[in-house]
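Peer 1: build me a model:
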Amino acid sequence: MILSARLLPLALAVAAASCHPARQPDLQTRQAAGVVALGALVVTGLVAFRVRAHSSATYLTWAATVCIAVSLVIFFMFTYPANQQTNNWTTLPAN
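Peer 2: Below you'll find the model as predicted:
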């Protein structure tokens, strides 16, 4: 049960983010991917809190939580600004 609770939001985030490269995802799809990624962060953090009695599971689950958080930070620091400048890679930046 705990494993499926952790993997479901992450699997949904990957599925939403892996749109066909030839098709520009619409705003609703991009927003859903963001909500699912934040949900994966929250659910993984909650699971880490729930398994705190088992030391190895706690450390691994907190590590997964940190990895998801770092991926979101990297996205909003680097990828999102580049997407904004290039209109989601439909135009080249002025350079």
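Peer 1: now the strands for this protein?
Peer 2: Along the chain, no segments are classed as strands by DSSP state E.
Peer 1: and the helices in it?
Peer 2: Under the criterion DSSP state H, helices of the chain are mapped to 2-17, 27-50, 55-74, 80-85.
Peer 1: lowest-confidence helix or strand of this structure?
Peer 2: When the helices and strands of the chain are compared on mean pLDDT, DSSP states H and E, helix 2-17 comes out lowest with a mean of 61.
Peer 1: looking at the closest residue to residue 57 other than its chain neighbours now. What's its pLDDT?
Peer 2: Leaving aside its chain neighbours, residue 57 sits nearest to residue 51 (4.4 Å; criterion: Cβ to Cβ, 6 or more residues apart in numbering). C-beta: built from backbone N, CA, C; applies to glycine. The score at residue 51 is 87. That number is its pLDDT.
Peer 1: ramachandran coordinates for residue 51?
Peer 2: Backbone torsions for residue 51, taken as degrees, to the nearest 10, come to phi -100, psi 20.
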